[in-house]
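K.L.:
How does the following fold in three dimensions:
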Amino acid sequence: MRSAFRKISRVPGLTGGTKWYLSEDCLLAAKRMMYAVEYRRFYLSDLEHIVVWRSRLWLWRLIIPAALLAAVGGALWQRVNSTAGAIFGGMALAWLAFELALGPTAGSRIRTTGASVELPLVKRTRRARKVLAKIDAAIHATRGLFAQATAPATIREPGEPPVQKRSETSATASVTPAIQTNGS
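P.N.:
Below is the predicted model of the structure:
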């Protein structure tokens with residue numbers, strides 16, 4: 001038997017991490033904390049928006065280890081030998097290149113009808129567009145079926161803009177995932 005949930009993202013952490021699963025009607029977060037797992041379910045029909053932004057501290061993650069490795073390399077170059085210093089200097093450059101290739105770390109917020117929750121959806125902002133596209137496609141599929149089942153049939157002229165009633169607006173509103181690239 002095949003599971004209705006499919007994994008869309010995994011964000012590792014020091015004491016566990018968060019795995020995200022998507023089904024036809026909900027988004028499920030399984031947050032592991034040591035030996036316990038906490039589940040959070042977000043129904044796709046209740047999602048208002050998902051915001052992913054670049055973490056303010058991602059430059060420190062880039063600079064501090066590289067500076068420490070370079071300092072150790074410089075000290076070894078002067079006091080021990082140039083080979084040991086070159087190894088640590090190369091490690092500092094490799095760390096810089098690796099972190100720049102992965103891109104900035106990300107923070108995220110999920111807003112539903114009842115609450116706003118900050119859970120890590122992705123580790124890096126590079127992957128955010130791919131994960132948000134999967135979620136957006138599932139939301140449009142869910143809300144499209146829901147809107148077809150509840151919306152009355154209306155006939156309008158081709159040049160006339162569609163008019164929605166107040167009750168239909170909440171059922172067919174589009175969720176627009178946003179990725180902020182500034183330092184906020």
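K.L.:
lowest confidence element among the helices and strands of this protein?
P.N.:
The weakest-scoring helix or strand in the chain, judged by mean pLDDT, DSSP states H and E, is helix 166-172 (a mean of 39).
K.L.:
On the three-state scheme, R56 is what?
P.N.:
coil (DSSP: H, G, I helix; E, B strand; the rest coil).
K.L.:
Could you report the distance from it to I50?
P.N.:
Applying C-beta to C-beta, to the nearest Å, the value for R56 to I50 is 19 Å. Glycine gets a C-beta too; all of them are placed from N, C-alpha and C.
K.L.:
ok, those two, which is more surrounded?
P.N.:
Neighbour count, other C-beta atoms under 10 Å: between R56 and I50, I50 has more, with 24 against 13.
K.L.:
Can I take it that the more buried one is in a helix?
P.N.:
No. The assignment for I50 (three-state DSSP) gives strand, which keeps it out of a helix.
K.L.:
residue ranges with poor pLDDT in the protein?
P.N.:
Along the chain, segments meeting pLDDT under 70 span 1-3, 145-184.
K.L.:
Buried ones in stretch 43-56, by neighbour count?
P.N.:
Residues L44, S45, L47, I50, V51, V52, W53, R54, S55 are the ones in stretch 43-56 that count as buried (16 or more other C-beta atoms under 10 Å).
K.L.:
ok, these vs A115, which is closest?
P.N.:
Relative to A115, the closest of the buried residues of stretch 43-56 is L47; by C-beta to C-beta it sits at 11.2 Å.
K.L.:
thinking again about what came up before, looking at the buried residues of stretch 43-56, which one is closest to G13?
P.N.:
G13 lies nearest to S55 out of those, by C-beta to C-beta, at 14.0 Å.
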